[in-house]
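Colleague: fold the stuff below for me.
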Amino acid sequence: MSNRRTGWTRREWLRTTAAGTLQAAALAGSRAHAAAPPRLGVQLYTVRELLKTRAEVTLQAIAAIGYKELEVGRTDLARLVPVAKTLGLTAVSTHMEAPLVTGNWDAWASAAGSTPAADRSLAKALETVRTHGVTYAVVSYLQPAERGTTAAGYEKFADQLNRAGETARAAGVTLAYHNHGFEFVPLTDGRRPIDVLAGRLDPALTKLELDVFWVSITGANPTELLAKYKDHVALLHLKDKAKDAPRETDEAKVAKTAFTEVGSGALDVPAILKAAEGAHVAHYFVEQDHTAGDPIDSLRRSYEYLQGLP
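Modeller: Residues are numbered from 1 along each chain as shown. The predicted structure is shown next:
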């Protein structure tokens, strides 16, 4: 028997159909692996303005959407963690200042909300983190004055992170480092700071918190980076990038409109989630540095997209 429109024999048609069925099944299996993480979290920087005057109502709204976990600023732990617990939200991570690791408080002197001199002890900070049941302490940022342009400077920083990571582990806390865009600017020897750090960090002591927006806005590929440093990445920041956003490594030059809800921009979110699963990422936090409207609505849109993945 042959198909008059194609000229195929029955055997050829059956073989082709079977191949198509197998391909469809493989694709369906691939999509299944890109499902939303079971316990999505929120980085509370997204709702920073709301928290100033409406903390409990804001946390209630986050819980009502369906989020289960939080990443909280270190100075907000005492104020927000007890309220979060009553709402069924678990604070699993906190961001903290780099000078707790490096000792270079001068570089942070002009930063908004700089830490008082009485609260500059790493040991004290880790004790506070542990007391509130938080398991990850993340160094959130390096000020421009701290960065340098040589690999040696970042190797020194990695060594400091490893020593602090050892201290954190003894306190029952896991240390991590969060990237922005400057870690993708080539150094004087041609290497990128992110590669220098990952090559020097001991994954048993210090993990990475990979922010997929900041990776992508520099022109790098989050999926490739997750595969390359799969032993290092424990935490993931999920946010999307506007489709027309230009490449940029300086976060101060990135337009507010470059940030968009998960699933509404240029990032291949299913591929990122699949790579994150392969890297055994432990916790996922949705974050929007800037939103065009209500940040709660923004968090809801990201959550609904993620929950709607096949």
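Colleague: use CA for all of it now, contacts and neighbours both
Modeller: OK.
Colleague: residue ranges for the strands of this protein, please.
Modeller: 40-43, 69-73, 90-96, 136-139, 174-178, 206-211, 233-238, 240-241, 259-260, 283-286 (DSSP state E).
Colleague: any chance of TSV for those strands, columns mean neighbour count, mean pLDDT and distance to Ala275?
Modeller: As requested, the strands of the chain are exported to TSV (neighbours: other CA atoms under 10 Å; pLDDT from 0 to 100; distance: least, CA to CA, whole Å):
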stretch	mean neighbour count	mean pLDDT	distance to Ala275
strand 40-43	24	98	17
strand 69-73	24	98	21
strand 90-96	23	98	21
strand 136-139	26	98	21
strand 174-178	25	98	18
strand 206-211	25	98	12
strand 233-238	24	98	11
strand 240-241	25	98	16
strand 259-260	24	98	21
strand 283-286	24	98	13
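Colleague: let me know how buried Ala245 is, in neighbour terms.
Modeller: 15 (other CA atoms under 10 Å).
Colleague: do I have it right that it meets Thr218?
Modeller: No. Judged on CA atoms under 8 Å, Ala245 makes no contact with Thr218 at a distance of 10.3 Å.
Colleague: which residues does the residue sitting nearest the centre point of the chain bridge with?
Modeller: The chain has His237 as the residue nearest its centroid, 2.0 Å off, counting by CA atoms, centre = their mean. Judged by DSSP bridges, the bridge partners of His237 are Asp211, Phe285.
Colleague: my read is that it contacts Leu208, right?
Modeller: No. Using CA under 8 Å, His237 makes no contact with Leu208, being 10.8 Å away.
Colleague: shaky segments in this protein?
Modeller: 1-34, 111-114, 118 (pLDDT under 70).
Colleague: at 50 instead, please
Modeller: Of all residues in the chain, those with pLDDT under 50 make up the ranges 1-32.
Colleague: chain neighbours aside, what residue packs nearest to Leu306?
Modeller: Closest residue to Leu306 apart from its sequence neighbours, by CA to CA, 6 or more residues apart in numbering: Ala36 at 5.1 Å.
Colleague: look up phi and psi at the one you found.
Modeller: For Ala36, the backbone dihedrals (degrees, to the nearest 10) come out as phi -60, psi 150.
Colleague: for it, give its distance to Thr135.
Modeller: To Thr135, Ala36 is 22 Å away according to CA to CA, to the nearest Å.
Colleague: relative to Phe184, how far out is Ala220?
Modeller: On the measure of CA to CA, Ala220 and Phe184 end up 8 Å apart.
Colleague: comparing the two, which shows the higher neighbour count?
Modeller: Phe184 (21 against 16).
Colleague: and the nearest residue to that one once chain neighbours are set aside, what does it touch?
Modeller: Using CA to CA, 6+ apart and skipping residues adjacent in sequence, the residue nearest Phe184 is Arg192, 5.2 Å away. Residues in contact with Arg192 (CA atoms under 8 Å, 6 or more residues apart in numbering) are Glu183, Phe184, Val185, Pro186.
Colleague: distance to Ala123 for the residues you listed - can I get that in JSON lines?
Modeller: Shown next, in JSON lines, are the contacts of Arg192 (distance: CA to CA, whole Å):
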{"residue": "Glu183", "distance to Ala123": "27"}
{"residue": "Phe184", "distance to Ala123": "31"}
{"residue": "Val185", "distance to Ala123": "32"}
{"residue": "Pro186", "distance to Ala123": "34"}
